[in-house]
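**Q** My questions are about this predicted structure, shown below with the sequence.
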Amino acid sequence: MALVKDYAIILSTRPFGESDKIVRFFTMSAGKLTGIAKGAKKSQKRFMNTLEPFNQVRIEYFEKATSTMVRVENADLEESNGGLEVNLKRICVASFFTEFVDKLTKEKQKNEHLFDTLKMILKSLKTIEFTVTDILYYELQMLEHLGYMPNLASCVHCGKDLADMEKLYFSRERGGTLCSGCCRSVPHRQYPQGFIPRMLTLDGRSIAESAKGFERLGTEILEDFVSFHLAVELKSYRLLKRVTG
């Protein structure tokens, strides 16, 4: 049983027994792991304020081939969650993205791009007030890193490449855009001209916060896609929708 050292982001924790904690964390080199931190509720040395959600840590753990759970030995703080607590919206956004990673990844599934994106989100949230457009941008990034990106370039039914002006119809059931011919036989929603191409070129800060129409439609299309294709319920998403209007 060797000691493993890695960088990790704490996704969630819960008490276990009188003095221990069960910790879910996403590592740079090994993906998501679940571990038990012995004495973490009482420790004033090894786990002093380190195993808190959204913290970025240098973690040390022991892994057994016969166990699905690792034993967390130590965690040194690399980047604290300080700054997220200033308002409810920042906490809700952070909770949404950590739960997104937790629910949509398997244990020990390495994904460095996803790790880097989550790290960037949590760091940015400490100083930046995210708009709905920012949330959509990072959600699309995460879907792409996970291999779940909706097809917004061609018709998902016949495969025809679509010019931007033709990207009007989106099928949540098929997971992407439809051409004008295929939309006659496949369930879909129609969107304003230019909306779907704009989704493909989001950069988080390029669209004014006042563009509520875009934000509403963007939220709708990703909400439909995620709920239908990925079959996950994100508890944090309900509160996030309330605080973002």
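**A** On my side now, so go ahead.

**Q** Could you point out the longest helix of the protein?
**A** helix 88-104 (DSSP state H).

**Q** helices or strands next to that one in the packing?
**A** strand 3-16, strand 20-27, helix 112-125, helix 132-146, helix 235-244 (3 or more Cβ pairs under 8 Å, 6 or more residues apart in numbering; DSSP states H and E). Where you see a C-beta, it was placed from the backbone N, CA and C, and this is true even at glycine.

**Q** Mean pLDDT per helix and strand in this protein: which one sits at the bottom?
**A** helix 212-225 (a mean of 85; mean pLDDT, DSSP states H and E).

**Q** Give the other helices and strands that it contacts.
**A** helix 132-146, strand 189-190, helix 195-200.

**Q** quick one, it and helix 235-244 angle?
**A** For helix 212-225 against helix 235-244, the angle by axes from the mean of the first three to the mean of the last three Cα atoms, to 10 degrees is 170 degrees.

**Q** distance between helix 212-225 and the chain's centre?
**A** In this view, helix 212-225 has its centroid 16 Å away from the chain centroid, taken as Cα atoms, centre = their mean, to the nearest Å.

**Q** contacts for it?
**A** 131-133, 136, 139-140, 143, 150, 170, 172, 175, 189, 191-192, 195, 198-199, 207, 241 (Cβ atoms under 8 Å, 6 or more residues apart in numbering).

**Q** Please report phi then psi for the residue in the chain sticking out farthest from the centre.
**A** No residue in the chain sits farther from the centre than G181, which is 34.6 Å out by Cα atoms, centre = their mean. Dihedral angles of G181 (phi, psi; degrees, to the nearest 10) stand at phi -80, psi -50.

**Q** How about it, nearest residue that isn't a chain neighbour?
**A** C158 (7.3 Å; Cβ to Cβ, 6 or more residues apart in numbering).
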